[in-house]
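Trainee: let's see this in three dimensions:
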Amino acid sequence: MKVSDVLVTRGLITIAHDASMAEAAKVLKDARIRHLPVTRDNTIVGIISDRDIQRASTLVTGGNGSTIQEYKKVYEYMTSPVNKMNTNDSVAHLTREMIRMKISSFIIEDEKGTPVGIITTEDLLLLLLDKIDDKPNPFRKLFGR
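Mentor: Numbering: from 1, shown residues only. Predicted coordinates for the structure are as follows:
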């Protein structure tokens, strides 16, 4: 099975590298996502996750996680370089790499190297549920997938 067969999150919501962490937190919350590709000059240069937001909150507030200061920038907390896979790669290879690297997402590129979407561990869990359960998967509707 190829990555293109299971790519449910096509298109990307992104954020500029010099945006504030507060803005990133708002985008993640409003879009109901946990991974946000970071761009600079229309190129993906990193990824920011909900865990990065939590870490920034903890560091800024001394541990209570109640706020994120506007002056903290995305590039200070993003993971870079970003991990990428091709639409023609196998889902098994992608899954093995997620496990080996202990990461939770890959940006997916087409044959030309253009980003076309993202696959997360949640997507792989939904795929697993589709394979092992005879019942319709109610979570696809819940997550818009």
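Trainee: CA atoms for contacts and neighbours, from now on please.
Mentor: OK.
Trainee: show me where the chain has its strands.
Mentor: Ranges of strands within the chain are 9-10, 15-16, 35-40, 43-49, 84-86, 105-109, 115-120, based on DSSP state E.
Trainee: can you lay out the ones you listed as TSV showing distance to Arg96 and mean pLDDT?
Mentor: Formatted as TSV, the strands of the chain follow (distance: least, C-alpha to C-alpha, whole Å; pLDDT from 0 to 100):
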stretch	distance to Arg96	mean pLDDT
strand 9-10	20	74
strand 15-16	28	96
strand 35-40	19	95
strand 43-49	20	95
strand 84-86	12	96
strand 105-109	12	94
strand 115-120	13	93
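Trainee: quick one: neighbours of Val91, just the number.
Mentor: For Val91, the neighbour count with other C-alpha atoms under 10 Å is 20.
Trainee: surely it meets Val3?
Mentor: Yes - the pair formed by Val91 and Val3 meets the contact definition of C-alpha atoms under 8 Å, at 5.1 Å.
Trainee: need the residue closest to the centroid of this structure.
Mentor: Central residue of the chain (C-alpha atoms, centre = their mean): His35, 2.7 Å from the mean position.
Trainee: shared neighbours of Val91 and Val3, which are they?
Mentor: In terms of C-alpha atoms under 8 Å, 6 or more residues apart in numbering, Val91 and Val3 are not both contacted by any residue.
Trainee: nearest spatial neighbour of Ala25, chain-adjacent residues omitted?
Mentor: Spatial nearest neighbour of Ala25, chain neighbours left out: Ile53 (6.4 Å); criterion: C-alpha to C-alpha, 6 or more residues apart in numbering.
Trainee: so how far is Thr9 from the one you found?
Mentor: 22 Å (C-alpha to C-alpha, to the nearest Å).
Trainee: so which of these two has more stuff around it?
Mentor: Using other C-alpha under 10 Å as the criterion, Ile53 and Thr9 rank with Ile53 on top: 23 against 15.
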